[in-house]
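*Asks:* Whatever this is, show me its structure:
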Amino acid sequence: MNSSDTIRLLRECDAGTKMAVSSIDEILEKVQEEKLKDLLQKSKGHHKDLEADIHAKLDQYDAEEKDPNPMAKGMSWMKTNVKLGLDESDATIADLLTDGCDMGIKSLYKYLNQYKAADKEAKDICEKLIGIEEELERDLRQYL
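*Replies:* This is a model prediction of the structure:
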């Protein structure tokens, strides 16, 4: 077990939860179908709950939180606004969020492999976040 790898993995998960919450917040007011809105609010809650767990674990290591990469966040904002400017349908929203989930899942697996010496609890948190993203991606398919 390596505390450095543990902290790095937790910080990447922290940035991921923040990016997910930000992305959901960005489009939530544009969602038309109430069932989709409920799904997104539920997923946002799961992300926020896990974010609290991540912060508690980072506090144990006296480590700072991590915000999403500003470039990635800016590119996401731009893509979202261009696509929604052309078509504000729930299908477009589902498409954008599905892409975001997919990128998040790939990044999280990359970090799991990169920080192999992280402790079991950090790895479990990362796998839980992957599960939240996979569930959201699966649930969004009906809206594509």
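
*Asks:* Spatially central residue for this structure, please.
*Replies:* By CA atoms, centre = their mean, the chain has its centre lying nearest to Ala20, at 3.4 Å.

*Asks:* Who are the contact partners of that residue?
*Replies:* Ser43, Lys44, His47, Gly100, Gly104, Ile132, Glu133 (CB atoms under 8 Å, 6 or more residues apart in numbering). Heads up, the C-betas are built off the backbone N, CA and C, glycines and all.

*Asks:* Now, those residues that are in helices?
*Replies:* When the contacts of Ala20 are checked against helices (DSSP state H), the matches are Ser43, Lys44, His47, Gly100, Gly104, Ile132, Glu133.

*Asks:* which among the contacts of Ala20 end up buried?
*Replies:* If you count burial by 16 or more other CB atoms under 10 Å, the buried members of those come out as Ser43, Lys44, His47, Gly100, Gly104, Ile132, Glu133.

*Asks:* Thanks a lot, see you next time.
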